[in-house]
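1. could you work out the structure for the sequence below:
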Amino acid sequence: MEEFQGLHVPAGVPEPASSHGNVRLNLDGYGNRGSGFPGLKKRGHGHGNRSWIKIDQDGNSKILELDKATIMRHCSLPSRDLRLLDPLFIYPSTILGREKAIVVSLEQIRCIITADEVILMNSLDGCVVQYMSEFCKRLQTNREQAEDLPFEFRALELALDLTCMSLDAQVKELGLEVYPVLDELATSINTHNLERVRRLKGHLLALTQRVQRVHDEIEHLMDDDGDMAEMYLTEKRQRSEAYALGDMYFQNDIPSEGRVVSKSAPVSPVRSLSGAQKLQRAFSNISPSKHGSLMSSSSNGENIDQLEMLLEAYFAAIDNTLSKLFSLKEYIDDTEDLINIKLGNVQNQLIQFELLLTAATFVTTIFAVVTGIFGMNFVASIFDYPNAFNWVLIITGLACVFLYLCFLFYFRYKKVFPL
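-> As a prediction, the model looks like this:
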């Protein structure tokens, strides 16, 4: 980290010793050096400094102010990889294996993992603070114990663990809120309950997309053995150091030995293998594939079981979380179907009532027409009988009732509604 010196702390401000010290954090994530106006940001976010947290192998953390060029130079990363860590942009969850680093962007945890340190983007988010404290605690606790996983996988494991736990907790919290609202809506359909369900359904859709992105990224990584082989940073660094050591012996031994080798001189195993190592290095340098580079190991393609088992565990966890979301969505869909059935039943009942009311109105109109006709002022012999009009009303009424009953039997015959 020699190239970080002089860049991480502004002038006049002492460098914090750990993450528990004073943290200098800008609201926009950039420094304002070089500008005479305190409230004016630099043009172009990519050229300013950002606040980062560096965690080494001993579990020590410190706050650094680094620009993009320094991080790119130190970790051998292209600018497009750092763009994935920019909090001003929303990118899908990503885990990228590079020659000297692993770029991780999972929810709020955005970091660069190397073989001996983690450069974590500083933030006041709870996941970031928990990641820093938990990782430092694990490193300090297990400092004397032999770990099966290398440093980079331990850092990646914690990022996956916190991401899966955070998403699962959000799913459980959403489920506790959704189920009572749906049950209340099933019993009482009103505008207030419908609005609450609409809002929760929007939250469910957004959370499903976030979980699906993490699920797809882990699945994509597990399907590509080359990407998993690129993430063995510790092994690649050890192999690179072995290559460099073999080349040093090879170059130092040629001038001293000349072309004649003493018969009594013992043969060094490193010296005897240096020629083959140099040939392998030359072959790897001319290989066009990134997985055939010097930093990658040909045996990594066969020894990726360690990382594969790690990813499978968290793939199962995130798949279980996704299944919970699908179950919650199915419950919402079932509730919507139930509501639609109830609304359809109410609509059918209204149609039936309207049909009965229309038939009653029709027969009543007939009765009113007959009475209206006899109420007109015209000469007829029927008016000579005092009770004749009463009989007309009785006969007309009975005819209307019979006609209405005929309508009802006809509706029953056509199965318009059960009677």
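2. all contacts plus neighbour counts: C-alpha atoms, from now on.
-> Noted.
3. counting neighbours, what do you get for residue 105?
-> 24 (other Cα atoms under 10 Å).
4. bridged to it, which residues?
-> In this entry, residue 105 is beta-bridged to residue 94, residue 110, by DSSP bridges.
5. identify the residues contacting it.
-> Applying Cα atoms under 8 Å, 6 or more residues apart in numbering to residue 105 gives the contacts 84, 85, 93, 94, 95, 111.
6. got the confidence number for it?
-> With respect to pLDDT, residue 105 scores 91.
7. a markdown table for the contacts of residue 105, including neighbour count and distance to residue 237?
-> A markdown table is the format used below for the contacts of residue 105 (neighbours: other Cα atoms under 10 Å; distance: Cα to Cα, whole Å):
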| residue | neighbour count | distance to residue 237 |
| --- | --- | --- |
| 84 | 21 | 25 |
| 85 | 23 | 24 |
| 93 | 22 | 27 |
| 94 | 21 | 23 |
| 95 | 22 | 20 |
| 111 | 27 | 20 |
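8. export those to a markdown table and tack on distance to residue 163 and pLDDT?
-> A markdown table is the format used below for the contacts of residue 105 (distance: Cα to Cα, whole Å; pLDDT from 0 to 100):
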| residue | distance to residue 163 | pLDDT |
| --- | --- | --- |
| 84 | 17 | 84 |
| 85 | 16 | 85 |
| 93 | 10 | 86 |
| 94 | 12 | 89 |
| 95 | 13 | 91 |
| 111 | 13 | 92 |
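9. determine which two of these are furthest apart.
-> 93 and 111 (12.1 Å; Cα to Cα).
10. enumerate the positions of stretch 399-415 that are buried.
-> 400, 404, 407, 408, 411 (16 or more other Cα atoms under 10 Å).
11. ah, wrong one, I meant stretch 83-91
-> By neighbour count on 16+ other Cα under 10 Å, the buried set for stretch 83-91 is 84, 85, 86.
12. isn't there a helix covering the last one?
-> No: Residue 86 sits outside any helix when classified using DSSP: H, G, I helix; E, B strand; the rest coil, being coil.
13. residues contacting it?
-> Going by Cα under 8 Å, 6+ apart, the list of residues near residue 86 is empty.
14. quick one, phi/psi of it?
-> phi -70, psi 120 (degrees, to the nearest 10).
15. can you give me the pLDDT of it?
-> Confidence score, pLDDT, at residue 86: 80.
16. helices of this protein, residue ranges please.
-> Using DSSP state H, the helices of the chain run over 68-75, 79-83, 126-141, 151-187, 191-223, 225-230, 233-257, 269-285, 305-374, 388-413.
17. what packs against the second one?
-> In terms of contacts (3 or more Cα pairs under 8 Å, 6 or more residues apart in numbering; DSSP states H and E), helix 79-83 is packed against helix 68-75.
18. got the buried residues for the helix it packs on?
-> By 16+ other Cα under 10 Å, the buried positions in helix 68-75 come out as 68, 69, 71, 74, 75.
19. so how far is that helix off the chain centroid?
-> The chain centre lies 28 Å from the centre of helix 68-75; the measure is Cα atoms, centre = their mean, to the nearest Å.
20. hey, C-alpha coordinates of it in PDB?
-> Extracted in PDB, the C-alpha atoms of helix 68-75 (Å, rounded to 0.1, in the frame of the first residue of the first chain):
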ATOM      1  CA  LYS A  68     -10.000   6.200  -8.900                       C
ATOM      2  CA  ALA A  69      -6.600   6.200 -10.500                       C
ATOM      3  CA  THR A  70      -4.900   5.000  -7.300                       C
ATOM      4  CA  ILE A  71      -7.200   2.100  -6.800                       C
ATOM      5  CA  MET A  72      -7.000   1.100 -10.500                       C
ATOM      6  CA  ARG A  73      -3.200   1.100 -10.300                       C
ATOM      7  CA  HIS A  74      -3.000  -0.700  -7.000                       C
ATOM      8  CA  CYS A  75      -5.600  -3.400  -7.800                       C
END
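21. now for that helix, which elements pack on it?
-> helix 79-83.
22. pLDDT on the helix it packs on, on average?
-> In the prediction, helix 79-83 has an average pLDDT of 86.
23. show me how far it is from its chain's centre.
-> Distance of helix 79-83 from its chain centroid, counting by Cα atoms, centre = their mean, is 20 Å.
24. got the CA coordinates for it in CSV?
-> Only the C-alpha atoms of helix 79-83 are listed here, as CSV (Å, rounded to 0.1, in the frame of the first residue of the first chain):
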residue,chain,number,x,y,z
SER,A,79,-12.3,1.8,-14.9
ARG,A,80,-15.5,0.0,-15.8
ASP,A,81,-15.1,-2.3,-12.8
LEU,A,82,-14.9,0.7,-10.4
ARG,A,83,-18.0,2.1,-12.1
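25. where does pLDDT dip in the stretch 51-200 of the chain?
-> Residue ranges of the stretch 51-200 of the chain with pLDDT under 70: 144-147.
26. make it 80
-> Counting by pLDDT under 80, the stretch 51-200 of the chain has low-confidence residues at 87-92, 142-148.
27. repeat for the stretch 251-400 of the chain
-> In the stretch 251-400 of the chain the weaker segments, taking pLDDT under 80 as the threshold, are 251-303, 374-386, 388-389.
28. excluding chain neighbours, what is closest to residue 120?
-> Spatially, and ignoring its direct neighbours in sequence, residue 120 is nearest to residue 111 (4.2 Å; Cα to Cα, 6 or more residues apart in numbering).
29. typo on my end, residue 230
-> Closest residue to residue 230 apart from its sequence neighbours, by Cα to Cα, 6+ apart: residue 97 at 5.3 Å.
30. surely that neighbour and residue 227 touch.
-> Yes: look at residue 97 against residue 227 with Cα atoms under 8 Å: they come within range, at 6.0 Å.
31. and the residue nearest to residue 120, how close does it get to residue 226?
-> 21 Å (Cα to Cα, to the nearest Å).
32. then residue 65?
-> Distance, residue 65 to residue 226, using Cα to Cα: 33 Å.
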